[in-house]
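Engineer: missing the sequence, but the structure's below:
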Ligand code: 5AD
Ligand code: SF4
């Protein structure tokens, strides 16, 4: 096999996968393999995959069929499908050279070295336990202003529909010293915003009681780091959100007032079957508590429609809860059965047309809520972190502390700075304004 000069990487799924792709890319760039944006000119193709819904897996399978014709490339699968499909992929796709599990990101170079010596043997590296070295590996980020930092990997919740505990294993908190070190490193490089990532950030530290440090304590430590202007975090499981976290959001200057807090359903019957371990009333109590402690907090959710046996009445409960909370961001999904989950034993008996109707109803409610909210924001002043130009290059683009997108005219030198914007208008899901001169 010739020397590898170029690689192409495609990321599917969540922000954790985006970060994992940055970890993979950094290792390749450290050995002088250059990133290219087109598969056909790459010596190495990596698909960093997602298994959360069937559609995500189908996209990757489609790509693998497409690559059957590419003879002299190394092709690898990383991420959740490496964990969920394992040998099945290697057996089915003889041109697939390696699969690398979510705990084996740092084995990439060894696997490639092996393949360069002898290409014809398929390689597999899949460990079920967390790779400690990841704590101290600082990836080069694609974005120059904001970066994600993983603080806890895996999930202990076993929601009945979810494949993540199978693909990412049990919760393992990352050593807080290395989180602080990486945040300082990013601040020195000029980063302004960090997002702390975990399937359930509120569980941070619970698997390491000897550390005596919980998620809110970590926020207090990170807030002290000079150079960083904003700290975000996601995702928060409603059962684990604490008053201490709410106080931290209220009291810490850098911690932004936005909580991604998925409710999944508004029906207690469905929540029980989903094994979410809270009721809709409990969820609303937590939302009200958060709003009473942090009045300007915005709230994001994920919703699944069409879970097995979800009736019209169950869906109405979701609709009502959605209306009551007036979510500020919402990702709405049609239920997709996942292998070896508890829910996969239940019949997927809500027809797809009904799932789509329910999905559209929630989406239109969501858009109505947003319109009202944006209308109310006209005339307000918002602090915006300037992230980049928008697509047509005419405006600068950034987000408020509470996560709304804003565009405005200004000098590109402002990218990376905080600006106060007078909000004057909005279209779709973007606010428009002018830099405030006062
Ligand atoms: N079907 C549909 N949506 C799912 N999610 C997780 N598993 C499934 C599934 N089997 C959604 C949940 C979760 C988000 C990341 O993906 O809403 O919060
Ligand atoms: Fe999946 Fe539930 Fe864990 Fe989220 S909390 S990753 S939905 S099992």
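Structural biologist: The structure has been received and is ready for your questions. All of these numbers come straight from a predicted model, not from anything done at the bench. Ligands and ions are numbered 1, 2, ... in the order given.
Engineer: Give the full set of residues in contact with the residue lying closest to residue 425 once chain neighbours are set aside.
Structural biologist: Among residues not flanking residue 425 along the chain, residue 432 sits closest, at 4.4 Å (Cβ to Cβ, 6 or more residues apart in numbering). Just so you know, the C-beta spots here come from the backbone N, C-alpha and C atoms, and that holds for glycine as well. If you count contacts by Cβ atoms under 8 Å, 6 or more residues apart in numbering, residue 432 has them with 406, 407, 408, 423, 424, 425, 426.
Engineer: Kindly recompute the last result at 7 Å.
Structural biologist: Each residue near residue 432 by Cβ atoms under 7 Å, 6 or more residues apart in numbering is listed here: 407, 408, 424, 425, 426.
Engineer: What is the nearest of those to ligand 2?
Structural biologist: Distance to ligand 2, by Cβ to the nearest ligand atom, is smallest for residue 426 among those, at 31.2 Å.
Engineer: For the closest one, name its beta-bridge partners.
Structural biologist: Here residue 426 sits in beta bridges with residue 431, as judged by DSSP bridges.
Engineer: give me the element the closest residue to ligand 2 within the stretch 1-150 of the chain is part of.
Structural biologist: At 8.1 Å from ligand 2, residue 52 is the closest residue in the stretch 1-150 of the chain, using Cβ to the nearest ligand atom. Under the criterion DSSP states H and E, no helix or strand holds residue 52.
Engineer: For it, give its distance to residue 161.
Structural biologist: Counting by Cβ to Cβ, to the nearest Å, the gap between residue 52 and residue 161 amounts to 10 Å.
Engineer: May I have the secondary structure class of residue 233?
Structural biologist: Three-state assignment for residue 233 (DSSP: H, G, I helix; E, B strand; the rest coil): strand.
Engineer: which residues pair with the closest residue to it other than its chain neighbours across the strands?
Structural biologist: Distance criterion Cβ to Cβ, 6+ apart; nearest residue to residue 233, sequence neighbours excluded, is residue 196 at 4.2 Å. Note on residue 196: beta-bridge partners residue 149, residue 233, judged by DSSP bridges.
Engineer: where does the nearest residue to residue 258 once chain neighbours are set aside land in three-state SS?
Structural biologist: Excluding the flanking residues, the one nearest residue 258 by Cβ to Cβ, 6+ apart is residue 403, at 4.4 Å. Using three-state DSSP, the structure places residue 403 in coil.
Engineer: show me where this protein has helices.
Structural biologist: 15-30, 54-66, 80-85, 87-92, 108-117, 164-168, 176-188, 215-223, 243-251, 268-274, 280-293, 312-325, 352-377 (DSSP state H).
Engineer: sorry, back to before: per-residue pLDDT, the residue nearest to residue 258?
Structural biologist: Model confidence at residue 403, given as pLDDT, is 97.
Engineer: Same check on residue 1?
Structural biologist: 57.
Engineer: Of all the residues in stretch 29-45, which ones are buried?
Structural biologist: Buried residues in stretch 29-45, counting neighbours by 16 or more other Cβ atoms under 10 Å, are found at 33, 36, 39, 42, 43, 44, 45.
Engineer: likewise stretch 401-421?
Structural biologist: For stretch 401-421, a neighbour-count test (16+ other Cβ under 10 Å) marks 401-408, 410, 415-417, 419, 421 as buried.
Engineer: What is the nearest of those to ligand 1?
Structural biologist: Distances from ligand 1 to these, taken by Cβ to the nearest ligand atom, are shortest for residue 403, at 16.9 Å.
Engineer: which ones are touching the closest one?
Structural biologist: By Cβ under 7 Å, 6+ apart, the contact set of residue 403 is 258, 298, 328, 329.
Engineer: residues contacting the third one?
Structural biologist: By that I understand residue 328. Residues in contact with residue 328, defined by Cβ under 7 Å, 6+ apart, are 298, 299, 300, 373, 402, 403.
Engineer: farthest-separated two in the residues you listed?
Structural biologist: The distance between the two most remote of these (Cβ to Cβ) is 12.9 Å, for 300 and 373.
Engineer: near ligand 2, which residues of the protein?
Structural biologist: 155, 157, 158, 159, 162, 164, 165, 199, 200, 237 (Cβ under 6 Å from any ligand atom).
Engineer: can you narrow those residues to ones near ligand 1?
Structural biologist: Contacts with ligand 1 within the residues of the chain next to ligand 2, as defined by Cβ under 6 Å from any ligand atom: residue 162.
Engineer: Could you list the low-confidence segments of this protein?
Structural biologist: 1-2 (pLDDT under 70).
Engineer: Walk me through the domains of it.
Structural biologist: Domain ranges of the chain: 6-125, 143-256, 261-279+289-376, 378-435, per automatic domain parsing.
Engineer: can you put those in CSV and add distance to residue 137?
Structural biologist: Compiled in CSV, those are given as follows (distance: least, Cβ to Cβ, whole Å):
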stretch, distance to residue 137
domain 6-125, 6
domain 143-256, 9
domain 261-279+289-376, 29
domain 378-435, 25
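Engineer: how about the nearest residue to residue 173, chain neighbours excluded?
Structural biologist: residue 152 (4.8 Å).
Engineer: which residues sit in contact with the closest residue to ligand 1 within the stretch 301-438 of the chain?
Structural biologist: Per Cβ to the nearest ligand atom, residue 302 is where the stretch 301-438 of the chain lies closest to ligand 1, at 3.3 Å. Residue 302 makes contact with 262, 264, 331, 333, according to Cβ under 7 Å, 6+ apart.
Engineer: correct me, but the second one touches residue 305?
Structural biologist: No - under the criterion of Cβ atoms under 7 Å, residue 264 is not in contact with residue 305, lying 9.8 Å apart.
Engineer: So if I had to pick from the two, which one is more boxed in?
Structural biologist: residue 305 (26 against 23; other Cβ atoms under 10 Å).
Engineer: Not counting its neighbours along the chain, what's nearest that one?
Structural biologist: Closest residue to residue 305 apart from its sequence neighbours, by Cβ to Cβ, 6+ apart: residue 358 at 4.0 Å.
Engineer: Now do that neighbour against residue 301, distance only.
Structural biologist: Taking Cβ to Cβ, one finds residue 358 at 15 Å from residue 301.
Engineer: quick one on the thing from earlier: what about residue 52 and residue 161, which has more around it?
Structural biologist: More crowded of residue 52 and residue 161, by other Cβ under 10 Å: residue 161, with 24 against 21.
Engineer: May I ask you to confirm that that one is in contact with residue 275?
Structural biologist: No - contact criterion Cβ under 7 Å: residue 161 and residue 275 do not qualify, at 8.6 Å.
Engineer: Would you mark the buried spots in stretch 173-187?
Structural biologist: Residues of stretch 173-187 classed as buried: 173, 174, 176, 178, 179, 182, 183, 186, 187 (neighbour count, 16+ other Cβ under 10 Å).
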